[in-house]
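Colleague: please find the sequence and the predicted model below.
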There are 2 protein chains.
Amino acid sequence: MQNRLLLTATVEREEALRVTPAGVPVLEVWLRHQSRQTEAGIERDVACEIQAVIAGEKARQLSGRLSGCQIEAQGFVCQRSLRNARLVLHIEHVEFVKG
Amino acid sequence: MQNRLLLTATVEREEALRVTPAGVPVLEVWLRHQSRQTEAGIERDVACEIQAVIAGEKARQLSGRLSGCQIEAQGFVCQRSLRNARLVLHIEHVEFVKG
């Protein structure tokens, strides 16, 4: 079952690192993407904002280092909760592009 | 600038084909994804629903054929409109998985 989003984005906001009751470090960030894409042969502007979360040791390593950076994030998308259908990107790989 | 979502999903709903004022055929569908993913070394259930749109000749070719099918969809994500931040998948490639 495929579920893979690859997104170049700017980290608009980085929350403080938190640790779940099970002891897993979690870092929440807000990403903003802007680009030009081609659809049905026509180039168009594309923009979106998406909440993203990084869990585990990677969260601890990246904490305090993402805000304002341009990154290439890769991971799976999931709805925020049973009652909140908003999509959240669960980041598994991060590459710094700029900043 | 990377913006690529690859998602295996069931087409829960398919709207009637419509044509934009510029004459571009557009097909809107609702996709439901469910899978198991690994995050911070822990396997977890993942579910999400996402609205998707197919534009151009592909929309005409697929119209009436997607409802209830499991597909592998690939494309870019964009917010629905300037005032609506909900993400929409703009599908560029479709493969039928089942149904």
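Modeller: Arrived safely, thanks for sending.
Colleague: going forward, measure contacts between C-alpha atoms and count neighbours the same way
Modeller: Fine.
Colleague: give me the spatial nearest neighbour of A:E15, chain neighbours excluded.
Modeller: A:E28 (5.4 Å; Cα to Cα, 6 or more residues apart in numbering or on different chains).
Colleague: ok, the one you found - contacts?
Modeller: Each residue near A:E28 by Cα atoms under 8 Å, 6 or more residues apart in numbering or on different chains is listed here: A:14-17, A:51-54.
Colleague: can we see that at 6 Å?
Modeller: Contact partners of A:E28, counting by Cα atoms under 6 Å, 6 or more residues apart in numbering or on different chains, are A:15, A:52-53.
Colleague: that one pairs with what?
Modeller: A:V53 (DSSP bridges).
Colleague: same deal with A:V94?
Modeller: Judged by DSSP bridges, the bridge partners of A:V94 are A:A73.
Colleague: how many residues are close by it?
Modeller: By other Cα atoms under 10 Å in any protein chain shown, 18 other residues sit near A:V94.
Colleague: any idea of the pLDDT on A:A85?
Modeller: Note on A:A85: pLDDT of 89.
Colleague: any figure for the gap between the residue nearest the centre of chain A and A:R80?
Modeller: Among the residues of chain A, the one closest to the centroid is A:A52, at 3.5 Å (Cα atoms, centre = their mean). In this view, A:A52 and A:R80 are 10 Å apart by Cα to Cα, to the nearest Å.
Colleague: shared neighbours of those two, which are they?
Modeller: Jointly contacting A:A52 and A:R80 under the rule Cα under 6 Å, 6+ apart are A:V88.
Colleague: show me where chain A has its helices.
Modeller: With DSSP state H as the criterion, chain A has helices at A:57-62.
Colleague: got the residues of chain A near chain B?
Modeller: Chain A comes close to chain B at residues A:1-8, A:40, A:46-48, A:55-56, A:78-79, as judged by Cα under 6 Å from any Cα of the partner chain.
Colleague: what about the strands in chain A?
Modeller: Secondary structure of chain A (DSSP state E): strands at A:3-14, A:18-19, A:25-39, A:42-55, A:70-79, A:87-98.
Colleague: format the ones you listed as a markdown table; extra columns: distance to B:S35.
Modeller: Below are the strands of chain A laid out as a markdown table (distance: least, Cα to Cα, whole Å):
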| stretch | distance to B:S35 |
| --- | --- |
| strand A:3-14 | 8 |
| strand A:18-19 | 25 |
| strand A:25-39 | 22 |
| strand A:42-55 | 18 |
| strand A:70-79 | 10 |
| strand A:87-98 | 14 |
